[in-house]
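Peer 1: predicted structure and sequence below. I'll ask about it afterward.
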Amino acid sequence: MTATNDFYPTLRRAIALAREAGLADAADALESRAFAAFTTGSEAAGETGLAILAFRAQTGSRLPPEAARLLDACQTEIAKVWPRLRPGWRGAVWRWLGRWGLG
């Protein structure tokens, strides 16, 4: 398995920026999912990546650009273990292929 760098300080900063932008409820939900107890590091990365995707879908364009950039950095680290969870269109393509059993 590929090792990831510690992206949790970056994630904490993104959550703080989201709260400052008035997205407290969504930020709280992301924080509770991302910082739950998990059995393995791979599981933690995967669940955190899914939580970030759900958070981004919920907040949409209300997410501050700096927070979006920080979340991209987190997803880039997560993608080392879970390629489908990478940011941007490449991650979307991986997720689409996965639905068809191709990715």
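Peer 2: Received it, and whenever you're ready, just let me know what you need. Quick caveat, the model's predicted, so the values are computed rather than measured.

Peer 1: quick check: closest non-adjacent residue to the residue sitting nearest the centre point of the chain.
Peer 2: Nearest to the geometric centre of the chain sits I52, at 3.0 Å (C-alpha atoms, centre = their mean). Sequence neighbours aside, L71 is the residue nearest to I52 in space, at 5.6 Å (criterion: C-beta to C-beta, 6 or more residues apart in numbering). (Each C-beta comes from the backbone N, C-alpha and C, glycine too.)

Peer 1: buried stuff in the one helix or strand that neighbour maps to?
Peer 2: L71 belongs to helix 65-78 when elements are defined using DSSP states H and E. When neighbours are counted by 16 or more other C-beta atoms under 10 Å, the buried residues of helix 65-78 are found to be 67-68, 70-78.

Peer 1: quick one: it to chain centroid distance?
Peer 2: Computed by C-alpha atoms, centre = their mean, to the nearest Å, the separation of helix 65-78 from the middle of its chain amounts to 7 Å.

Peer 1: now do stretch 42-51
Peer 2: What separates the centre of stretch 42-51 from the centre of its chain is 8 Å, taken as C-alpha atoms, centre = their mean.

Peer 1: need the CA coordinates for that stretch. CSV is fine.
Peer 2: This file holds the C-alpha atoms of stretch 42-51, laid out as CSV (Å, rounded to 0.1, in the frame of the first residue of the first chain):
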residue,chain,number,x,y,z
SER,A,42,-6.7,2.7,4.6
GLU,A,43,-10.2,2.6,5.9
ALA,A,44,-9.7,6.0,7.6
ALA,A,45,-8.5,7.5,4.3
GLY,A,46,-11.4,6.0,2.3
GLU,A,47,-14.1,7.1,4.7
THR,A,48,-12.5,10.6,5.0
GLY,A,49,-12.4,10.9,1.2
LEU,A,50,-16.1,9.9,0.9
ALA,A,51,-16.9,12.5,3.6
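
Peer 1: much appreciated, bye for now.
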